[in-house]
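S.K.: got a sequence here, can you model it:
(chains A and B)
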Amino acid sequence: MLSATKTCSLIKERRISTTEALEEVLGRIRDREEDLHCYITLDEEGARQQAKLIQSRIDDGSLKGPLAGAVVAVKDNICVRDLPATCGSKMLAGFIPPYDATVTEKLRDAGCIIIGKTNMDEFAMGSTCENSYFGPTKNPYDTSRVTGGSSGGSAAAVAAGEAMIALGSDTGGSIRLPAACCGVVGLKPTYGRVSRYGLIAYASGLDQIGPMGRSVEDCGEMLSLLSGADSRDATSRQWEAVDTGAALGRGVKGLTVGLAEDYLSLCPDEEAKNAVLEAAEKLRDAGAAVEHFSLGYEKYVVPIYYILADAQASSNLERYDGIKYGYRTPFEEGQDFGQLMARSRGEGFGGEVKRRILVGSFVLSAGWYDAYYKKALAAQALLRRCFDEAFSKYDLILMPAAPSVAPKLGVYKDDIIGAYRGDVFTVTANLAQLPAMSIPAGVNHDGLPLAVQLMADRFREDLLLAAGAELEKRGGHENDEGI
Amino acid sequence: MTREYETVIGLEVHVELSTKTKIFCGCSCEFGGSPNTRICPVCLGMPGALPVLNKKVLEYAIAAGLATDCTISPVTVFDRKNYFYPDNPQNYQISQLYLPVCRDGGITIETGEEGAKSIRRIRIREIHMEEDAGKLFHDRKEGFSHIDHNRAGVPLLEIVSEPDMKNAEEVIAYLDRLRRILQHLGISDCKLQEGSLRVDVNLSVREAGDSRLGVRTEMKNLNSFRAVSAAIESERSRQIGLLQKGEAVEQQTRRWDDAKKESFVMRSKEDVRDYRYFPDPDLPPVSISPEFIESVCVSMGESYDEMVERFAKEYRLPQKELSYLTGEKALARLFEETVSICHKSGSVSNWLMGENLRLMRKEGMDAEDLRFSPEHLAQLIDIFEEGRINSTIAKEVFEVMFYEDISPEAYVEEKGLGLISDLSLLEETAAACMKDNPKSVQDYLSGKAKAIGFLVGQTMKAMGGKADPGAVKSVLEKLLSSL
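M.R.: Here you go, the predicted structure:
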């Protein structure tokens, strides 16, 4: 299977049309979707119309970008006007936003074909994509396994060719974890690089939209497309754009890479661990200096993350009350609005969402705010300082992306804490607002994808792309054949 | 033994800012409008929408702080106040708790009659910015509640005083002073009836001399200064009554019923809400530079006190006129502009406080609703004082100008209302009147000097009112004496 940028080059060279490229993807969807369940909403007809329109814009020369004609899957927590945005929840089943997210507008402007909305853990809360009201997405490598989450539908769609590239969102690893489990590249940008306007919030201070693709180049081009300050998002920042071409060709000569040993030691899976050590070797071979070091805070990052994320989520999700939109409990005589809201929320939210709302409400409540939320904010600041120090020595940090290959469906059903613990490698980047990328690193003895994670200092996505391209070039994982 | 009690009062004043657009989106702030026509995804709290601070709100808040001697915070932060209510689209209000924009100010109030005046400083604890909620309408007949979100997101300042006031008179003086200051700044129209100024009264009583504060109650729903006074008297008596009976005052929020002149419990201590305040992650902390404060300061121009002082000096107005003319900014401006054209400050003040005030009261208008221009008022004063129209006609013309802003000169011309100064015509008419009223002439000649009044009236009538009664009288006197 070709990457999105390669397919788009063929389109630009008039060797295939946008419609042909789209039909190929639709064919894959016909073959695989029933087993995998990547999508909550598919918009075949809309996609066909977009393809024609985009072809004419390519033909008249008004569309020249590297992703013109790319068939893009969009996670279902990102608003696409006139398509449902359910967030994987009964609460928003049937909710159709009358507006585009800023990233959606950017996709349209760049000539991307939006094929549909992908499955996810409810409100992006989960690491397996099993917490979806619409049922889990299955791993294209082994349908008895999960995709990782929460952007599981996007990861699986890209891996299975049901889309050329996808958008995910990452609050504590929701792009990188499923990318790792499905053998694709997942990039979480620096907090603020991509506008969150139109991203249905989970934890506003940690959420970030990012690309998931079949190549580092795809992710780099998509990142450039999505980036930029937005007057509708006060937390977005204007920063020097990433020159994808230059970054991909840079190599890693002269770069220093810190391998976070303390985090590596938390990885229970030998093969996953080895993948990291092998990646370190490859980078060294390519001219980087690799050093082992201790990053610190490995015991605290998961609790800090869940306090901050749950607290913000408890507030962000208050708006779902059955009054304005979304699920409303059946009317009963004599019901006051308090009951209406409580019942709508009780019936509309799934278990994990309720758990996080409860935890979040608790850590914000009078008497506990100082002990939990305030302390977690202080700890987050300490962690950031700790990274600042690390980046004064290293250009990149290398560590695992996931504790293991994709687990079997249902494994975490009764082990919530176990699932939370698995986030230890990914939440750090969100807490420190750093860019991080999960890169495929071959397969394990069962043929399941392995991955490693690279992190860089704020707004240094270019270094991630440089090192990622180097690892990609040096092999470990080829997905050109498809799965 | 009867105990002496003293009352301790602090106020929370909410002021609606008169910015063109809402605090976090571009919707219009204008009062009224068909329900739900001034709304967008942001002020509706739709999924994915994000708030962006309207800089004008910050400017106005700083202006209010500077005008009330507050310290402006170098960094100010928005916090979320979480509570479920259907008029609150996100079910949290964006407000400020931990780092409000202004702190530690105060205003000076004057109470008591002339000669026994008391001047006191009322401290202001803080001023913070927040968003207003929508409005609920309950249709009991149909059994429906309707929500109008036009007001949702309208910017408010909450101005919190220290408990420095002792009685209703001081409270009214504080409110009046605050209203004058804010209106002068042009940041709010401060209308209690329309809800652009809302007052919550925190009141407790204690035995005279006790330095500890008693248990306080909070009084809401006060829609006029009179209601504020009445509620203070009522609540003070209620609390003293309880204490005299040996009962305790309970911490409560009470609602004033102005028709019944009594208050009712809204919430008692047991159901005090836990608002779970935390910094809003959608809105980065706002840094306020000394340069920005300086620029606000410059744009504020003359302060309210400076204006009053200048009016007193420049126009030599008596206390009553001074207080009235500086009470509303629109009125002060109208006064000044008119005087700058006709240079007759006494006359302008007389007209504004006489005919103008009479008509304003009749129509229930505020000064800012006045439609006539200073040019036209100046013109009216000029033609009246030049003797071109008499006072009856001047009042008549004023009334037309008040409603329709006509040009008095053109109107008088068009309607032929100017005084007839043709002496021979006047003599002719007067002579005819004398001939028609021989009895009055006889009466006058026989010493009843008052009889001339009737002849003046008849002559005026014959002249269509367009003569100067003084001139008519002297013509008649001349004719009668020559008989």
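
S.K.: what about residue 157, neighbour count?
M.R.: Went with chain A since none was named. Counted with other C-beta atoms under 10 Å in any protein chain shown, the neighbours of A:Ala157 add up to 38. Where you see a C-beta, it was placed from the backbone N, CA and C, and this is true even at glycine.

S.K.: was after chain B, sorry
M.R.: Around B:Leu157 there are 25 residues (other C-beta under 10 Å).

S.K.: which residues of the chain score low on pLDDT?
M.R.: You didn't pick a chain, so chain A it is. For chain A, the stretches with pLDDT under 70 are A:476-483.

S.K.: I was thinking of chain B, sorry if that wasn't clear
M.R.: Within chain B, the ranges that satisfy pLDDT under 70 run B:1-2, B:421.

S.K.: return the residues of it in contact with chain A.
M.R.: B:41, B:44-53, B:80, B:82, B:84, B:86, B:89-92, B:145, B:147, B:274, B:276-284 (C-beta under 8 Å from any C-beta of the partner chain).

S.K.: wait, what's in contact with the residue nearest to the spatial centre of chain A?
M.R.: When C-alpha atoms, centre = their mean is applied to chain A, the residue found nearest the centroid is A:Ile175 (2.0 Å). Applying C-beta atoms under 8 Å, 6 or more residues apart in numbering or on different chains to A:Ile175 gives the contacts A:Ser151, A:Gly168, A:Ser169, A:Gly186, A:Leu187, A:Lys188, A:Gly210, A:Met212, A:Ser438.

S.K.: what do you get if the cut-off is 6 Å, keeping everything else the same?
M.R.: A:Ser151, A:Gly168, A:Gly186, A:Lys188, A:Gly210, A:Met212 (C-beta atoms under 6 Å, 6 or more residues apart in numbering or on different chains).

S.K.: could you single out the nearest of those to chain B?
M.R.: Ranked by distance to chain B (C-beta to the nearest C-beta), the contacts of A:Ile175 are led by A:Gly168 at 15.3 Å.

S.K.: surely the closest one meets A:Ser150?
M.R.: No - taking contacts as C-beta atoms under 6 Å, A:Gly168 lies outside contact range of A:Ser150: 8.1 Å.

S.K.: show me what residue of the stretch 101-250 of chain B gets nearest to chain A.
M.R.: For the stretch 101-250 of chain B, the residue closest to chain A is B:Ser145, as judged by C-beta to the nearest C-beta, at 7.2 Å.

S.K.: now do the contacts for that residue.
M.R.: Applying C-beta under 6 Å, 6+ apart, the residues near B:Ser145 are B:Leu136, B:His138.

S.K.: that one sits in which helix or strand?
M.R.: strand B:144-148 (DSSP states H and E).

S.K.: can you check A:Leu248 too?
M.R.: helix A:244-250.

S.K.: the nearest residue to A:Leu464 once chain neighbours are set aside: what secondary structure?
M.R.: Spatial nearest neighbour of A:Leu464, excluding adjacent residues (C-beta to C-beta, 6 or more residues apart in numbering or on different chains): A:Met437 at 4.5 Å. Under DSSP: H, G, I helix; E, B strand; the rest coil, A:Met437 falls in the strand class.

S.K.: all helices of the stretch 1-150 of chain A, in order?
M.R.: Ranges of helices in the stretch 1-150 of chain A, per DSSP state H, counting those that start in this stretch, are A:4-12, A:18-36, A:44-59, A:102-109.

S.K.: what does the second one contact?
M.R.: So that's helix A:18-36. By C-beta under 6 Å, 6+ apart, helix A:18-36 touches A:7, A:11, A:47, A:51, A:54-55, A:69, A:71, A:113, A:138, A:140, A:143, A:156, A:160-162.

S.K.: pull the number of nearby residues for the closest residue to A:Gln238 other than its chain neighbours.
M.R.: Closest residue in space to A:Gln238, ignoring its immediate chain neighbours: A:Ala229 at 3.7 Å, by C-beta to C-beta, 6+ apart. Applying other C-beta under 10 Å, we find 14 residues neighbouring A:Ala229.

S.K.: look up how far B:Ile109 lies from A:Ala229.
M.R.: Distance of A:Ala229 to B:Ile109, computed by C-beta to C-beta, to the nearest Å: 47 Å.

S.K.: my read: the residue nearest to A:Gln238 touches A:Glu240, true?
M.R.: No - using C-beta under 6 Å, A:Ala229 is not in contact with A:Glu240, being 11.8 Å away.

S.K.: dihedrals phi and psi, the residue nearest to the centre of chain A?
M.R.: Backbone torsions of A:Ile175, given as degrees, to the nearest 10, read phi -90, psi -50.

S.K.: what's the answer for A:Leu259, then?
M.R.: phi -90, psi 120.

S.K.: distance of it relative to A:Arg284?
M.R.: From A:Leu259 to A:Arg284 the distance is 10 Å (C-beta to C-beta).

S.K.: how about A:Ser154?
M.R.: 32 Å.

S.K.: the more surrounded of those two?
M.R.: The neighbour count for A:Ser154 versus A:Arg284, taken as other C-beta under 10 Å, is higher for A:Ser154 (41 against 13).

S.K.: what's next to the helix or strand containing the more buried one, contact-wise?
M.R.: Per DSSP H and E, A:Ser154 falls inside helix A:152-160. Taking contacts as C-beta under 6 Å, 6+ apart, the residues outside helix A:152-160 that touch it are A:32, A:36, A:38, A:73, A:75, A:118-120, A:129, A:137, A:140, A:147, A:163, A:166, A:168, A:178-179, A:182-184, A:212, A:214, A:483.

S.K.: which parts of the stretch 151-300 of chain A are strands?
M.R.: Assigned by DSSP state E, counting those that start in this stretch, the strands in the stretch 151-300 of chain A fall at A:165-170, A:185-188, A:208-213, A:256-260, A:289-293.

S.K.: I'd like those strands as JSON lines, with distance to B:Phe335 and mean neighbour count appended.
M.R.: Formatted as JSON lines, the strands of the stretch 151-300 of chain A follow (distance: least, C-beta to C-beta, whole Å; neighbours: other C-beta atoms under 10 Å in any protein chain shown):
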{"stretch": "strand A:165-170", "distance to B:Phe335": "60", "mean neighbour count": "31"}
{"stretch": "strand A:185-188", "distance to B:Phe335": "63", "mean neighbour count": "34"}
{"stretch": "strand A:208-213", "distance to B:Phe335": "57", "mean neighbour count": "30"}
{"stretch": "strand A:256-260", "distance to B:Phe335": "73", "mean neighbour count": "21"}
{"stretch": "strand A:289-293", "distance to B:Phe335": "75", "mean neighbour count": "15"}
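
S.K.: any chance of these in a markdown table, plus distance to A:Thr235?
M.R.: As requested, the strands of the stretch 151-300 of chain A are exported to a markdown table (distance: least, C-beta to C-beta, whole Å):
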| stretch | distance to A:Thr235 |
| --- | --- |
| strand A:165-170 | 14 |
| strand A:185-188 | 15 |
| strand A:208-213 | 10 |
| strand A:256-260 | 27 |
| strand A:289-293 | 31 |
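
S.K.: make JSON lines out of those strands and add distance to chain B.
M.R.: As requested, the strands of the stretch 151-300 of chain A are exported to JSON lines (distance: least, C-beta to the nearest C-beta, whole Å):
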{"stretch": "strand A:165-170", "distance to chain B": "11"}
{"stretch": "strand A:185-188", "distance to chain B": "17"}
{"stretch": "strand A:208-213", "distance to chain B": "11"}
{"stretch": "strand A:256-260", "distance to chain B": "27"}
{"stretch": "strand A:289-293", "distance to chain B": "31"}
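
S.K.: for B:Leu455, which of those strands is the nearest?
M.R.: Closest to B:Leu455 of these, according to C-beta to C-beta: strand A:208-213, at 93.1 Å.
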